[in-house]
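>>> sequence and predicted structure, then a few things I'm wondering about:
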Amino acid sequence: MLKAIGLRVEYRTNPIGIFTDKPRFSWKIESAKTNIIQATYRIEVSSDTSFSSLIWKTGTVTSDQSLLIPYGGPALSSSTRYFWRVTVTDNQGEESPWADTAFFETTMFFNREWKAVFISAEDENAGASSAGNLIRNEFTLNKDIKSATLYASAKGIYEARCNGNRVGEQFLTPGFTEYQKRILFQTYDVSALLAKGKNALGFLVGPGWYKGDLAGWLGKRNVFGARTAVIAQLRVEYTDGSVEIIASDTSWKYAAAPVLFSEIYHGETYDARLEQQGWDAGGFSDQSWKPVFWESADVSVLFPHDGLPVKEHEHFKPLALITTPKGEKVLDFGQNISGWVHFTVNGKAGDKVRLRHAEILDAEGNFYTENLRKAKQTIEYTLKGGGTENYSPHLTFQGFRYVAVDEYPGELNKDNFEAVAVYSDMRPTGNFHCSHPLINQFISNVRWGMKDNFVDIPTDCPQRDERLGWTGDAQIFARAASYLMETAPFFRKWMRDLAVSQYPDGQVPHVVPDVLKDVKSVIGGNDTLTPSAGATAWADAAVIIPWTVYTYFGDRDLLAEQYPSMQKWVDYVRNVAEDGLLFNTGFHFGDWVALDAKEGSYFGATPNDLTATAFYAYSVSLLSKAASVLGKKEDAKKYAKLREEIGEAYKKEFFTPNGRLAARTQTAHILSLVFDLTPDSYKKRTVDTFVAILKENNNHLTTGFLGTPFACKALADNGRLNLAYELLLKEDFPSWLYQVTKGATTIWEHWDGLKPDGSMWSSDMNSFNHYAYGSVCDWVFSTVGGLDTAEDKPAYKRSIIRPLPGGNISWAETTYESGYGLISVRWEIQGDTITITVIVPHNTSAELILPKAESGIINGVTFTEAEAGASTVLGSGTYTFCYPYTLGYK
């Protein structure tokens, strides 16, 4: 039976607080048949579940599109729940019943709808304070309630409460944005929390990213403002149809919170003796509380939340309670995470619990925090006494695997502690497993590095005094991230902040939100000028990420929205480049932390003018493709021509007439090959030289952030698959699996973060949770696993299935839960036979290239000759192919 299932709006199931008045609808198709393609669809949107009050109906639309179909009816109202359904027909003449009804609820679309103002518990001289504050308001509801919605935000981090209950499942709200231009507000359904009679709203608010310590190595604070503030508006609809608004104003009251201190980097100090029971419920006596300060009535920077909520996810019990050689009591949770520890404790009033968080133990097995730099990552809790107490931080998070318990009343029992992973609520998509256990652990490490660093924004690391949205790290990892998770709604929010933080001349900040603006040296020294924007590969995030999101999720609207930003960056480079072609001006991080850097330097040996021009060419090529997708034909032609001219200039500048690449580094050869900057006549020499440089390093990489992601691809795409596998599977230093053999559970910032002798890389910059080097994960999925998407049919509308077995891996299985459904590729070699099984979801097709297969009929399917194999196009269904196969490549 044909069905439409998995209905979603803007990537979410039954979302509350939809940020757009033109939401997009998606669904999957279920059928017992094969080769199913959607022929038509009909969508209906109604204000009621009976669909008797239709707002919009499409009629029968002839289309095979089932992802991100835009609403096209009359203007939607704010603060309204709508119901929708869809029916489809397929290419075999069957019609589905109406899908199960789904809903979405709009938020407030217009700033003029705000009746509330920003209120504060702090005066204008509170910039140095790291304390939390409580804000409350009590009100009476005199009628029977039909529904109630709370709209709330803050300058700082807030936690909302209503009648003694925490509101929502989100944490670290309102999130980290370019606050002076974009503050997001959240929408909560609080219908179940209110009752006729006395009610109360309460807010706990602290410094967070808004006014707290940031870029600790530079000592920045109050980057966006010097005092916290809250804005809240409660909309109550009664059963008689009337509506009442309760809005934050100066009649609300405040008091000091039990949170005496809370900072993103440093942790939280909480005194439970200062708790005021019932402060967030009706009937509480707040006579000692003071009237709040009016902070601002400017709501022009308020926007509906357009990202993903940060939520609690996995929970970990300690694997062990360790006593270190120094006598420290340390809990090992077995996994490096971002989040916090939840604990239970009994004791008398005034007893304390003190926890410190770290990623790693040193060579002697002692608790190691030097790499945190100025970040304290410390939790201090003072008991109120009188029974069992439970606590986890409210306004901060930590990056850790190990927790030192410095104080704890009574017997220290590890079962009283639990680590909670906290990250943005992304839908998992891709999985990879194979016969090599270390590769499986490596993929797990990459996944965890992503989870830990995708906490509202894509950060570099989750533990030290940094945790910033470095653009270079994000763009390097974007493709790998999009295999692992549905990143489109996550990146949508962050790319909007990138666009509004972009400089008027088109430069893109090194970090988004732009915490480093106006800093003369972002590295921290006074001897090297490192302005805060415009670095190659970092600023190219403006182009690469929107294109990546389009490719893997088909989000044309995001591509269109970001196109002006993409164009501004490329045009900036064209304006400052030599003859508009060679990007050799300004500051660049280059091949960051490469092993071929000079002693004591972070900067790799590959010349910046080469890497900058290579990424310039890459961004121009992607911009031309984006223009073509968006129907901007003249732009597409213009940038395609510019890309050709850059290629010619690159050839003249960086290759000798005999085809020798002037920069004899691994990264120079990798980028020249992967970005198609090597003329065909020079390609063999370029590949041979790259292989020779590898051999000089015992077939180990010396690459940094720019070369590493593409190393295996450069080899595999140029006839050196065996060498690509050798790099992937090496276990000695430096290699991806070296970290695994050292017990890593996330990806390190440096190849040699922990050296073979047990010593550490320099403590000033040595994160053990940095996802950049995990970007090779996309090659594992696309080449070892054999799954990718066609650019001209994005979002796996047409999958490219081409596994290339190698190394000592005897089987591999890749699955990907696309917007259309599950795609699966499994191959296994037994003796001289390979078996490949694939699953293609309905409403899609797949180009399957069987490695080393002969053309002809295999298992009833006709294959034609293809490069290094045989190919066919498959419709939806499950297929198995078995044929003679001998492992071995050049």
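Cool, got the structure.

>>> the nearest residue to Y151 once chain neighbours are set aside: which element?
In space, and not counting its chain neighbours, Y151 is closest to Q233: 4.7 Å by C-beta to C-beta, 6 or more residues apart in numbering. The C-beta positions use only the backbone N, C-alpha and C, and glycine is treated the same way. If you go by DSSP states H and E, Q233 is part of strand 229-238.

>>> now do that strand: which elements does it pack against?
Counting contacts by 3 or more C-beta pairs under 8 Å, 6 or more residues apart in numbering; DSSP states H and E, strand 229-238 packs against strand 118-120, strand 133-141, strand 145-155, strand 197-206, strand 243-247.

>>> that strand vs strand 243-247, what angle?
Strand 229-238 and strand 243-247 are oriented at 170 degrees to each other (axes from the mean of the first three to the mean of the last three C-alpha atoms, to 10 degrees).

>>> quickly note the distance from the residue in the chain sticking out farthest from the centre to A281.
What lies farthest from the middle of the chain is Q287; by C-alpha atoms, centre = their mean that is 45.1 Å. Look at Q287 and A281: by C-beta to C-beta, to the nearest Å, they are 16 Å apart.

>>> likewise L787?
53 Å.

>>> who touches W751 in this structure?
For W751, the contacting residues are 595, 701, 733-735, 738, 773, by C-beta atoms under 8 Å, 6 or more residues apart in numbering.

>>> what's the closest of the helices and strands packed on strand 229-238 to D757?
Nearest to D757, of all the helices and strands packed on strand 229-238, is strand 197-206, at 42.4 Å by C-beta to C-beta.

>>> name the next helix or strand downstream of the closest one, please.
helix 208-211.

>>> chain center to that following helix, what's the gap?
20 Å (C-alpha atoms, centre = their mean, to the nearest Å).

>>> what do you get for stretch 482-490?
7 Å.

>>> make residue 1 into 7 and carry on from there
New numbering, starting at 7: the last item is stretch 488-496.

>>> what average pLDDT does that stretch get?
Taken as a whole, stretch 488-496 has an average pLDDT of 98.

>>> which one of L793 and A287 is surrounded by more residues?
More crowded of L793 and A287, by other C-beta atoms under 10 Å: L793, with 26 against 19.

>>> can you pull the contacts of the more buried one?
The contact partners of L793, taken as C-beta under 8 Å, 6+ apart, are 787, 805-807, 820, 822, 829, 831.

>>> which of these fall within helices?
Applying DSSP state H to these, no entry is found in helices.

>>> could these go into a markdown table alongside neighbour count?
A markdown table is the format used below for the contacts of L793 (neighbours: other C-beta atoms under 10 Å):
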| residue | neighbour count |
| --- | --- |
| F787 | 25 |
| S805 | 28 |
| I806 | 18 |
| I807 | 24 |
| T820 | 25 |
| Y822 | 25 |
| I829 | 23 |
| V831 | 25 |
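
>>> next step: those residues restricted to strands.
When the contacts of L793 are checked against strands (DSSP state E), the matches are 805-807, 820, 822, 829, 831.

>>> can you redo the contacts of W757 as JSON lines with pLDDT and secondary structure?
Output for the contacts of W757, formatted as JSON lines (pLDDT from 0 to 100; DSSP: H, G, I helix; E, B strand; the rest coil):
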{"residue": "L601", "pLDDT": "93", "secondary structure": "coil"}
{"residue": "L707", "pLDDT": "97", "secondary structure": "coil"}
{"residue": "F739", "pLDDT": "93", "secondary structure": "coil"}
{"residue": "P740", "pLDDT": "94", "secondary structure": "coil"}
{"residue": "S741", "pLDDT": "97", "secondary structure": "coil"}
{"residue": "Y744", "pLDDT": "97", "secondary structure": "helix"}
{"residue": "Y779", "pLDDT": "96", "secondary structure": "helix"}
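
>>> tell me the one among those residues nearest to A539.
Y779 (24.6 Å).

>>> number of nearby residues for the closest one?
Y779 has 27 nearby residues by other C-beta under 10 Å.

>>> contact partners for it?
Shown in contact with Y779 (C-beta under 8 Å, 6+ apart): 711, 714, 742, 753-755, 757.

>>> doesn't Y194 make contact with E165?
No. The criterion here is C-beta atoms under 8 Å, and E165 misses it with Y194 at 11.8 Å.

>>> who's more crowded, those two?
Neighbours were counted for E165 and for Y194 using other C-beta under 10 Å; E165 has more, 24 against 21.

>>> spit out the contact partners of the closest residue to the more buried one other than its chain neighbours.
Once flanking residues are discounted, E165 sits nearest to L210: 4.4 Å by C-beta to C-beta, 6+ apart. Contacts of L210 were listed using C-beta under 8 Å, 6+ apart, and they are 138-140, 164-165, 167, 263, 265, 400-401.

>>> now those as CSV including distance to G606 and pLDDT?
As requested, the contacts of L210 are exported to CSV (distance: C-beta to C-beta, whole Å; pLDDT from 0 to 100):
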residue, distance to G606, pLDDT
G138, 42, 98
N139, 45, 98
L140, 49, 98
Y164, 44, 98
E165, 44, 98
R167, 51, 98
A263, 45, 98
V265, 42, 98
H400, 41, 97
L401, 38, 98
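
>>> how about A730, secondary structure?
Per DSSP: H, G, I helix; E, B strand; the rest coil, the secondary structure class of A730 is helix.

>>> no wait, T752
Applying three-state DSSP: T752 is coil.

>>> where does the stretch 657-806 of the chain dip in pLDDT?
Along the stretch 657-806 of the chain, no part satisfies pLDDT under 70.

>>> hmm, I typed the wrong one, I wanted the stretch 457-606 of the chain.
Residues of the stretch 457-606 of the chain that meet the criterion pLDDT under 70 lie in 526-536.

>>> quick one: the strands in it, in order.
Remark: strands assigned in the stretch 457-606 of the chain by DSSP state E, counting those that start in this stretch are 460-461, 463-464.

>>> mind listing the residues bridging to E853?
Going by DSSP bridges, E853 is paired in beta bridges with I806, V879.

>>> confirm for me that it is in contact with I807.
Yes. Counting by C-beta under 8 Å, E853 sits close enough to I807 to count as a contact (6.8 Å).

>>> and F209, what's its pLDDT?
For F209, pLDDT reads 98.

>>> bridging residues for it?
Beta-bridge partners recorded for F209 (DSSP bridges): I141, A166.

>>> just give me the neighbour total for it.
Neighbourhood size, F209 [other C-beta under 10 Å]: 28.

>>> looking at it, it is touching R142, isn't it?
Yes. Counting by C-beta under 8 Å, F209 touches R142, with 7.4 Å between them.

>>> packing partners for the longest strand seen in the chain?
Ranked by residue count and defined by DSSP E, the top strand of the chain is strand 335-351. Judged by 3+ C-beta pairs under 8 Å, 6+ apart, strand 335-351 is in contact with strand 316-322, strand 326-329, strand 358-364, strand 384-388, strand 395-397, strand 404-413, strand 423-430, helix 443-459.

>>> please identify the buried residues of that strand?
Residues 335-349, 351 are the ones in strand 335-351 that count as buried (16 or more other C-beta atoms under 10 Å).

>>> which among those gets closest to L504?
Nearest member of the buried residues of strand 335-351 to L504, counting by C-beta to C-beta, is S344, at 21.7 Å.

>>> so in terms of bridging, what pairs with the closest one?
G405.

>>> separation between P331 and F621?
The value you get for P331 to F621, if C-beta to C-beta is used, is 47 Å.

>>> other SSEs contacting the helix or strand hosting E654?
Using DSSP H and E, E654 maps to helix 639-660. The contact analysis (3+ C-beta pairs under 8 Å, 6+ apart) places helix 639-660 against helix 562-582, helix 614-635, helix 672-680.

>>> how about a markdown table for those helices, with distance to R87 and mean neighbour count added?
Shown next, in a markdown table, are these (distance: least, C-beta to C-beta, whole Å; neighbours: other C-beta atoms under 10 Å):
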| stretch | distance to R87 | mean neighbour count |
| --- | --- | --- |
| helix 562-582 | 23 | 19 |
| helix 614-635 | 34 | 24 |
| helix 672-680 | 48 | 27 |
